[in-house]
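Chemist: What shape does this take:
(one chain, ligands or ions: 1)
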Amino acid sequence: MAQRVQGTEDLFGGYMRAWQHMQDVARDLFGAYGFDMVETPAIEQVDTFVHGIGESTDVVRKEMFRVVSGALFENLFEQGSEAGLKPKQRLAMRPEGTAGVVRAAVENNMVPQGAAPAKLWYAEAMFRGERPQKGRLRQFHQVGVEWLGAADPAADAECIIMLMEYYKRLGFDPSRLKLSINSMGDAACRPAYREKVRQFILDHADEMCEDCLERAEINPLRSFDCKNDHCREVMRDAPLAKDNLCDDCAEHYAQVKRYLDAAGVTYVEDPTLVRGLDYYTRTVFEVEAVDGGVGAIGGGGRYDGLMELEGGKPTPGIGFAVGFERIALALAAQGGSLETPQPGCVYVAGTSADEREAVFSATLALRQAGVRTEADYQGRSLKSQFKQADKLGARVCVVIGPDEVAANAVTLRDMETHEQTQVPAAELVSAVTARLAK
Ligand code: HAM
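Modeler: All right, here's what the predicted structure looks like:
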């Protein structure tokens, strides 16, 4: 039997309800902040990610799952390279949501010049070919938001405040979350800063790993979160972004912090926080659960150059994404749970096959009235039906035997007290709903 792919999970039962719960809480909270839901395709042209996330990032270079149709696959084998493919034939599964949402915003002109910002949220599967481990999957799920068209530092602060409120509503104790923030500068000040960091790495070349030496040329800031401990140690003395911001970026960052302070949000400034995606400018942030044991449970930042990289007009943007699987693990590690109980139901039990039609009608009537209703479809004994009703968490059982059919009535059994009362069949729905409301 073929098995599920390593680093992927099946979502069902309580785990599926937990994922739905995350979406329900997001819909309520993000809706109150004016965000609408969006869904973009799971496959995009490779260029969408190369332009947005950056050619030199691990996500694009090593982790993106590339997609080819069966016919193209054979061609590729024969030719031995993808050089002959047109851009629209070079496809990948989305490794994150931002690049695709921004591509969609440009393509559908969602933020016409001078118009109100587009505020979008999504709940989607993402795909990254990382080495699977606890909290690191190859198909995982993110809830994220993208706010396109707002440059004001209040937007950065509101995004962060909304994110922290989201964790709280999911059941996290805010005092056990660590929010780190930083500013990465913009097109005016970043190039000179990058050059300083490049020079620093070259000056310490004999202490850095091969990857960092390569990074020095293509993306020196990535060395701040090199997986090699020694490189990170060396990078502690590297020039920091916060000391190299232009006046505009410094003032923007200071204002974001003033707003966060005014809202009572606790944060730590981490001047080495650079994030793994190239599109970020100015504010970046990441959240970890203390003792969560799974790394970041969410992160995001500003990306004022991304709309242009995706072929649109210059438009500022900011957003974040949180990982469902990591949140479930981190909450469990803190003694909480995302799982919501299965809603209670009503069970309709028949004493024999002769009552099957009456059971069928009663079940249908209850369901049409919006009551979650279950019945037996296997001809089990009344005792097994009661057991099944208990297992499903039914508060009321509707029992139909020959006496009930003869009297055109049903018996309602309270599953807790086992008390039974007969009511006319015509009053089934009102009697059941009255009991459920108690
Ligand atoms: P990211 O930091 O790459 O940002 O991912 C956001 C969150 O997704 C992480 O904090 C983590 O919880 C979860 N995550 C990432 N990779 C994995 C994985 N392999 N397995 C399980 N969970 C994972 C972004 O994706 C940006 N698009 C966020 C953003 C939106 N920035 C601006 N707007």
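
Chemist: got a list of contacts for the helix or strand where Leu436 lies?
Modeler: Leu436 is part of helix 428-437, with elements assigned from DSSP states H and E. The contact list for helix 428-437 (C-beta atoms under 8 Å, 6 or more residues apart in numbering) reads 344, 346, 362, 365-366, 369, 371, 395-396, 398, 410, 412, 414, 423. For glycine as for every other residue, the C-beta is placed from the backbone atoms N, C-alpha and C.

Chemist: Of these, which ones also sit close to the ligand?
Modeler: When C-beta under 6 Å from any ligand atom is applied, no member of the contacts of helix 428-437 is adjacent to the ligand.

Chemist: Which members of the residues you listed occur in strands, if any?
Modeler: If you go by DSSP state E, these have 346, 396, 398, 410, 412, 414, 423 in strands.

Chemist: Now a PyMOL select for only the buried ones of those.
Modeler: Of these, the buried ones go into a single PyMOL selection, burial set by 16 or more other C-beta atoms under 10 Å:
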select buried, resi 346+396+398+410+412+423
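
Chemist: Make JSON lines from the ones in strands among the contacts of helix 428-437 and add pLDDT to it.
Modeler: JSON lines is the format used below for the ones in strands among the contacts of helix 428-437 (pLDDT from 0 to 100):
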{"residue": "Val346", "pLDDT": "97"}
{"residue": "Val396", "pLDDT": "96"}
{"residue": "Val398", "pLDDT": "98"}
{"residue": "Val410", "pLDDT": "98"}
{"residue": "Leu412", "pLDDT": "98"}
{"residue": "Asp414", "pLDDT": "95"}
{"residue": "Val423", "pLDDT": "97"}
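
Chemist: The ligand: which of the ones in strands among the contacts of helix 428-437 is nearest?
Modeler: Of all those, Val346 has the smallest distance to the ligand: 38.6 Å, by C-beta to the nearest ligand atom.

Chemist: got the domain boundaries for the protein?
Modeler: Residue ranges for the domains of the chain, per automatic domain parsing: 13-189+245-333, 345-437.

Chemist: and the residue sitting furthest away from the middle of the chain, helix, strand or coil?
Modeler: Using C-alpha atoms, centre = their mean, the residue of the chain lying farthest from its centre is Ala406. It sits 54.8 Å away. Look at Ala406: counting by DSSP: H, G, I helix; E, B strand; the rest coil, its state is helix.

Chemist: Now Tyr347. Nearest residue, chain neighbours left out?
Modeler: Ala389 (3.5 Å; C-beta to C-beta, 6 or more residues apart in numbering).

Chemist: In this model Met415 seems to touch the one you found, though I could be wrong.
Modeler: Yes - between Ala389 and Met415 there is a contact at 6.2 Å, judged by C-beta atoms under 8 Å.

Chemist: Thank you kindly, that will do.
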